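Q: Sequence and computational prediction follow.
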Amino acid sequence: MNKKLALAALLTLAAGTAASAQETAAMTLQAGKRGAEIQKTMYGHFFEDINYGADGGLYAEMVKNRSFEFPQRLMGWDVFGNVTVKDDGPFDRNPHYVSLSPANHYQKATGIENEGFFGMGVKKGEGYRFSVWARGEGRKIRVELIDNASAGESQVLASKEITISTGAWKKYEATLTPGATCARAHLRIFLCSQGTVDLEHVSLFPADTWKGRANGLRKDLVQALADTKPGVFRFPGGCIVEGTDLATRYNWKNSVGPVENRPLNENRWHYTFQHRFFPDYFQTYGMGFFELFQLAEDIGAEPLPVVNCGLACQYQNNSPEANVKVEELDGYVQDALDLIEFANGGTGTKWGKLRADMGHEAPFNLKFIAVGNEQWGEVYPERLKVFVEAIRKAYPDIKIIGSAGPNSEGKDFDYLWPEMRKLKVDLVDEHFYRPEKWFLASGGRYDNYDRKGPKVFAGEYACHADGKKWNHFYASLLEAAFLTGVERNADVVHMATYAPLLAHVDGWQWRPDLIWFDNLRSVRTCSWHVQSLYGRNRGTRVVPLTMDGRPVSGQEGQMGLFASAVWDEPSEAYIIKVVNTSDEPRKLAVSFNGLKKSEQLAGGRLTTFHSDDPDADNTLDAPDKITPKETAIEASGKTLEGEIGPMTFAIYKVGTARR
């Protein structure tokens with residue numbers, strides 16, 4: 001035997017000896033003790049228009065600055081020939097439009113060209129709905145989808161000629177079908193007749209939106225949300241709820257009604273991060289509160305809107321003058337009450353009628369409302385108190401969510417929790433973007449929380465590994481470990497949502513994020529898979545699971561293991577989630593105490609999520625690089641045995657049978 005073979009044999013023997021001597025993680029599951037109910041809302045999504053998550057992302061509109069309302073009126077547009085901007089248009093809250101007049105001898109042609117959001121992603125053979133409000137009787141325009149990013153002259157991908165039939169404002173529509181796929185197409189409009197044509201609200205949507213809706217949402221991104229089986233959908237933020245100042249806060253009333261007349265709003269994220277500065281990032285409100293409520297309904301999640309509490313972003317506004325005085329909050333409180341009426345009111349009410357007129361006669365059945373985002377200090381509870389009193393009086397069944405501030409611990413956190421108890425809010429929103437060591441140390445975070453106080457909404461969380469500000473498998477593994485403690489304490493924690501949700505690869509400002517996309521493709525990160533595994537294996541009741549008499553929360557002597565267990569009533573099965581955060585395999589032996597004498601474990605399935613490279617993640621070019629694997633398992637008796645590999649998230653789902 002040569003030296004290499006001898007060494008290999010020796011290493012194999014040593015590995016086998018180590019494996020046989022490996023200590024077994026002995027756990028006990030109290031099968032007869034079904035504890036706290038796991039809320040339907042436990043796992044869900046938090047949406048905010050950051051990273052081009054709405055305009056340029058989930059909202060399928062492809063034209064940037066479609067109503068010429070950006071502060072620089074032609075931002076996003078190239079113009080040629082005789083083009084002027086005017087401000088006496090048909091929509092009072094979007095008054096600007098462009099006027100196209102014949103070019104002179106030197107100009108040759110008149111038109112406008114829109115760059116979209118980092119281009120426009122179009123697919124060969126698919127339809128794209130163009131629409132425009134126009135006037136100019138007998139005039140003609142030509143509408144083109146073009147690829148001018150390729151070498152040489154622009155390639156026309158699709159073209160339609162539209163005749164303007166009247167001198168009054170009217171909406172015109174056409175379908176463009178490109179002859180080639182292009183990730184960075186542009187939209188070009190030519191004047192192709194004598195006389196002047198006025199154009200307003202220039203729009204382009206894929207025909208194949210989510211559920212085929214006009215003014216619709218991007219299908220693949222909504223599907224990625226729905227596929228996690230979310231129970232709650234929080235919107236519209238986040239810091240945009242507060243605004244750079246109160247004048248730029250998110251005003252839900254501006255986001256409803258005819259889409260052509262929803263006014264532009266500044267997006268505070270366009271300048272917040274100087275390393276990723278996007279001066280042309282605004283909110284059109286095209287995907288407003290009606291569309292967000294509808295989206296929550298579509299994906300089976302409870303809607304959870306957030307309203308401004310009279311405070312501007314405290315990171316940027318330190319002076320009292322930046323905020324609304326407590327005695328002057330009436331308008332803000334009325335906005336919150338009117339929002340509840342919009343969601344739940346009958347068609348005989350002002351705001352309920354508007355909802356019905358927009359196409360949803362039935363109420364949205366709103367149950368929750370959050371007041372304020374991540375405010376802190378005395379200024380917050382004194383304002384929240386006014387909202388709580390008014391909402392309790394008008395809508396006593398609505399559950400109110402307060403905030404514990406921007407940090408997971410510390411002075412502000414310690415101050416706000418007692419204040420939330422005094423105000424008797426129903427849930428408290430906790431945020432934590434924390435490093436690896438925090439997640440490893442926080443498996444038991446909720447074990448000692450007050451069981452009688454307000455419940456917890458873990459509203460924004462993500463593992464931000466030191467020096468690795470991007471998505472990668474190990475961060476998602478630690479998120480999975482942390483969620484075992486969330487699940488184990490379902491009597492305390494009623495909601496948990498990762499953040500941020502969406503990011504355009506060309507327009508991101510913050511990372512990591514749950515779902516990445518470009519103009520044609522999207523990718524589900526490892527963190528997405530963790531959320532999906534929890535959402536699809538939520539269960540209905542917690543079942544006690546211990547190791548050496550303690551919760552399995554990564555404590556000393558627990559071999560880097562985190563675990564929780566639930567009973568799932570619909571499938572009549574136990575679901576055990578185990579996360580091995582160590583770099584060694586672990587043998588498991590889970591004893592099911594409390595089964596009837598005639599009961600024993602039956603077969604089931606094992607789902608494992610693992611990567612050999614902890615720094616890797618799925619990408620647009622390799623979207624399925626790291627995905628869960630499922631295998632059948634056999635079981636009998638009253639003990640479940642197995643082995644969980646290193647750096648692995650495992651889910652055992654087993655039923656019972658009578659002998």
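A: It's in.
Q: Excluding covalently adjacent residues, which one is nearest to residue 495?
A: residue 457 (4.2 Å; Cβ to Cβ, 6 or more residues apart in numbering). Every residue, glycine included, has its C-beta placed from N, CA and C.
Q: partner residues bridging that neighbour?
A: residue 429, residue 495 (DSSP bridges).
Q: Starting from residue 301, give me the distance back to it.
A: According to Cβ to Cβ, to the nearest Å, residue 457 and residue 301 sit 14 Å apart.
Q: More neighbours: these two, which one.
A: residue 457 (29 against 24; other Cβ atoms under 10 Å).
Q: got a list of what that one touches?
A: 370, 401, 427-430, 493-497 (Cβ atoms under 8 Å, 6 or more residues apart in numbering).
Q: separation between residue 401 and residue 208?
A: Distance from residue 401 to residue 208, by Cβ to Cβ: 36 Å.
Q: and what of residue 242?
A: In terms of Cβ to Cβ, residue 242 sits 36 Å off from residue 208.
Q: So if I had to pick from these two, which one is more boxed in?
A: residue 242 (27 against 16).
Q: Hmm, residue 308 and the more buried one touching each other?
A: Yes - counting by Cβ atoms under 8 Å, residue 242 does reach residue 308; the two are 6.4 Å apart.
Q: got any residues that touch both of these two?
A: With Cβ under 8 Å, 6+ apart, residue 242 and residue 308 have common neighbours residue 249.
Q: burial measure for residue 61, as a count.
A: 24.
Q: May I have the secondary structure class of residue 478?
A: Judged by DSSP: H, G, I helix; E, B strand; the rest coil, the three-state class of residue 478 is helix.
Q: ok, now which ones touch it?
A: Contacts of residue 478 by Cβ under 8 Å, 6+ apart are 436, 439-440, 463, 581.
Q: and which of those is nearest residue 94?
A: For those, the closest approach to residue 94 (Cβ to Cβ) belongs to residue 463, at 41.6 Å.
Q: Look up which residues are beta-bridged to that closest one.
A: residue 434.
Q: quick one: it from residue 643, how far?
A: Using Cβ to Cβ, residue 463 is found at 25 Å from residue 643.
Q: Who has more neighbours out of the two?
A: residue 463 (27 against 15).
Q: ok, so what distance separates that one from residue 273?
A: Going from residue 463 to residue 273 by Cβ to Cβ gives 20 Å.
Q: Same check on residue 574?
A: Counting by Cβ to Cβ - residue 574 and residue 273 are separated by 45 Å.
Q: okay, the two: which has more neighbours?
A: residue 574 (24 against 13).
Q: Let's verify the more buried one: helix, strand, or coil?
A: Going by three-state DSSP: residue 574 is strand.
Q: same question, residue 439
A: helix.
Q: check contacts around it.
A: 463, 478-479, 481-482.
Q: Kindly recompute the last result at 10 Å.
A: 432, 445, 461-465, 475, 477-483, 485, 554, 562, 581 (Cβ atoms under 10 Å, 6 or more residues apart in numbering).
Q: same deal with residue 262?
A: Residue 262 neighbours (Cβ under 10 Å, 6+ apart): 67, 91, 93-94, 253-256, 283-288.
Q: hang on, the earlier thing: mind checking which of the contacts of residue 439 are buried?
A: 432, 445, 461-465, 475, 477-483, 485, 554, 562, 581 (16 or more other Cβ atoms under 10 Å).
Q: Out of the contacts of residue 457, who's the most crowded?
A: Ranked by neighbour count under the definition other Cβ under 10 Å, the contacts of residue 457 are headed by residue 429 with 28 neighbours.
Q: looking at it, that one is touching residue 384, isn't it?
A: No - if you go by Cβ atoms under 10 Å, residue 429 and residue 384 don't touch, sitting 11.6 Å apart.
Q: Common neighbours of those two, please.
A: With Cβ under 10 Å, 6+ apart, residue 429 and residue 384 have common neighbours 371-372, 402-403, 416, 420.
Q: Drop anything exposed from the residues you listed.
A: Of the shared contacts of residue 429 and residue 384, these count as buried by 16+ other Cβ under 10 Å: 371-372, 402-403, 416, 420.
Q: Where strands are concerned, which of those count?
A: 371, 402-403 (DSSP state E).
Q: how about a markdown table for the residues you listed, with distance to residue 105 and pLDDT added?
A: As requested, those are exported to a markdown table (distance: Cβ to Cβ, whole Å; pLDDT from 0 to 100):
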| residue | distance to residue 105 | pLDDT |
| --- | --- | --- |
| 371 | 62 | 98 |
| 402 | 67 | 98 |
| 403 | 64 | 97 |
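Q: and residue 644, how many neighbours does it have?
A: 23.
Q: Beta-bridge partners for it, please?
A: According to DSSP bridges, beta-bridge pairing links residue 644 with residue 586.
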